[in-house]
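**Q** Can you look at this prediction? I've put the sequence above it.
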Amino acid sequence: MLASSGNKASVFFVELYLGRYFWPSAMTGAFLLSLICVLTLSHPSKPDRAITCVAISHSGRWLAAGTCCGLIMICDRDKFGSCRSVTTERGVLNDLRFSPDDRFLAIANEGIQFLAIDQSEHSFALRSDRRNYGTVSFNNASAELLTITGQSEIQVINLRSRATVSTICCSSIYGEAAFSPDDALIFNAGHWPRVWDKYGHLLGSLTADRQDPTFGPIAIDGEKRAVFMGSQDGRVYAWDLQHYNFLTRSDPHNEYVHAIAIVAKVSHEIVYAGFGTVARLWNPESGKESELPGLKPTSNLIALTGGHSLLFGTNKGTVEIWDFRGTPRRTTTVAIIENRK
């Protein structure tokens, strides 16, 4: 059954109205609880074609794309037309990520499933506790998985023992968590973006206090030694990796920033967008910004190997690749999800 229990919208609703700000009256509380039940227990509508999550394997061979309702397509890019479909039936799809060794695809929803890509491996459920897992990411050795739960806990999971080796409190499932390029640090977005060592010791805060609106996506530029986060205020913010000092931010816009990526070979510029809205290209050093007509992602953005191309999903059930050398342009469109009536 595709039950959307504990999706990001409902988690934020609970946090906003029942936990963090005020305790409602009995009548208001009853109304809010009934609305939460509608958000979390109702069956999702018929799956649409919009791709909300994409992942590319370290080798570049495997592409995964999924809809919010858990339909996932996995394609072998070495074999034209070689795709298989998987339906997770674990609620809303929150994230997809290939392990660096190309052995597994991690799927985050109500739980965390590991789908075997290497034929010598077996698929398994890493977590099946219905705690609702948001972002997932691997360390470079494919030995640990970083995630965040619907209870606002950041967790580091040892993939050999499958035990949680570190728990950090607290963030928001809306915000991502990410390893630094050398795996020594953990960055979290959410209401209070901070920096931790992988054992859960706080090293620094990127903001002076708790923030509203919330920070969501994270992108780290190892060469420029900077971390970028998109915010619900329509901006992208930048801090340095060494001392965690604020560097700069983009101009504000009306829509949330749901996706960001670094185009490293094009002056280390940032591409960012809200889901389904026109993307923008921003240069953090000069402050120059321009719209990218036609580039309207409904998923996360992935910078491909080489640093001059981006991959993302669209509301048409396709995956597009754009080249940013010279004038940004679409170079590839792959139909992933068939047309559904």
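**A** Okay, I see it. Numbering: from 1, shown residues only.
**Q** contacts and neighbour counts: CA atoms only from here.
**A** OK.
**Q** Helix or strand next in line after the helix or strand hosting Phe312, which one?
**A** In the assignment (DSSP states H and E), Phe312 maps to strand 309-313. Next along the chain after strand 309-313, taking DSSP H and E as the criterion, comes strand 318-323.
**Q** can you give me how far stretch 118-125 is from the chain middle?
**A** Relative to its chain's centre, stretch 118-125 lies at 24 Å (Cα atoms, centre = their mean, to the nearest Å).
**Q** Begin at 297 from now on, thanks
**A** Understood, numbering begins at 297; the last thing we discussed is stretch 414-421.
**Q** Can you give me the end-to-end span of that stretch?
**A** End-to-end distance for stretch 414-421: 16 Å, by Cα to Cα, to the nearest Å.
**Q** on that earlier part again, other SSEs contacting the strand holding Phe608?
**A** For strand 605-609, the elements it packs on are strand 349-352, strand 555-559, strand 598-599, strand 614-619, judged by 3 or more Cα pairs under 8 Å, 6 or more residues apart in numbering; DSSP states H and E.
**Q** could those go into a markdown table alongside mean pLDDT, mean neighbour count and distance to Asn405?
**A** Converted to a markdown table, the helices and strands packed on strand 605-609 look like this (pLDDT from 0 to 100; neighbours: other Cα atoms under 10 Å; distance: least, Cα to Cα, whole Å):
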| stretch | mean pLDDT | mean neighbour count | distance to Asn405 |
| --- | --- | --- | --- |
| strand 349-352 | 98 | 25 | 12 |
| strand 555-559 | 96 | 26 | 19 |
| strand 598-599 | 96 | 21 | 20 |
| strand 614-619 | 96 | 20 | 21 |
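**Q** To Val491, which of those lies closest?
**A** For the helices and strands packed on strand 605-609, proximity to Val491 was assessed by Cα to Cα; strand 555-559 is nearest, at 19.2 Å.
**Q** neighbouring strands for the closest one, and are they parallel or not?
**A** strand 565-569 (antiparallel) (DSSP bridges).
**Q** Please convert the helices and strands packed on strand 605-609 to TSV, extending it with distance to Thr443.
**A** Shown next, in TSV, are the helices and strands packed on strand 605-609 (distance: least, Cα to Cα, whole Å):
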stretch	distance to Thr443
strand 349-352	16
strand 555-559	18
strand 598-599	18
strand 614-619	25
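**Q** and of the ones you listed, who's closest to Val388?
**A** Of the helices and strands packed on strand 605-609, nearest to Val388 by Cα to Cα is strand 349-352, at 11.0 Å.
**Q** what comes into contact with that closest one?
**A** 358-364, 389-394, 595-598, 608-609 (Cα atoms under 8 Å, 6 or more residues apart in numbering).
**Q** hmm, 7 Å instead?
**A** 358-363, 391-394, 595-596, 608-609 (Cα atoms under 7 Å, 6 or more residues apart in numbering).
**Q** Next up, the contacts around the most centrally placed residue in the chain.
**A** Residue closest to the mean C-alpha point of the chain, counted by Cα atoms, centre = their mean, is Thr431 at 5.2 Å. Counting by Cα under 7 Å, 6+ apart, Thr431 touches 390-391, 404, 443-444, 472-473.
**Q** partners of the helix or strand hosting it, with directions?
**A** For Thr431, the element it lies in under DSSP H and E is strand 429-434. When sheet partners are counted by DSSP bridges, strand 429-434 sits next to strand 440-445 (antiparallel).
**Q** Quick check: next helix or strand after the partner strand?
**A** Heading C-terminal from strand 440-445 (DSSP H and E), you reach strand 449-454.
**Q** residues in contact with the residue lying closest to Asp374 once chain neighbours are set aside?
**A** Spatial nearest neighbour of Asp374, chain neighbours left out: Arg357 (6.1 Å); criterion: Cα to Cα, 6 or more residues apart in numbering. Applying Cα under 7 Å, 6+ apart, we find Arg357 in contact with 372-374.
**Q** One more pass at 10 Å, please.
**A** The contact partners of Arg357, by Cα atoms under 10 Å, 6 or more residues apart in numbering, come to 371-375, 398.
**Q** ditto for Leu543
**A** Leu543 neighbours (Cα under 10 Å, 6+ apart): 522-524, 533-536, 580-581.
**Q** do that again at 6 Å, thanks
**A** Listed by Cα atoms under 6 Å, 6 or more residues apart in numbering, the contact set of Leu543 reads 534-535.
**Q** Show the model's pLDDT score for it.
**A** Note for Leu543: predicted pLDDT of 97.
**Q** Now name the helix or strand holding it.
**A** Going by DSSP H and E, Leu543 is part of strand 542-545.
**Q** would you put the C-alpha positions of that strand in PDB?
**A** What follows is strand 542-545, C-alpha atoms only, in PDB (Å, rounded to 0.1, in the frame of the first residue of the first chain):
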ATOM      1  CA  PHE A 542      29.200  33.800   6.400                       C
ATOM      2  CA  LEU A 543      30.500  34.800   2.900                       C
ATOM      3  CA  THR A 544      27.600  36.000   0.800                       C
ATOM      4  CA  ARG A 545      24.000  35.300  -0.400                       C
END
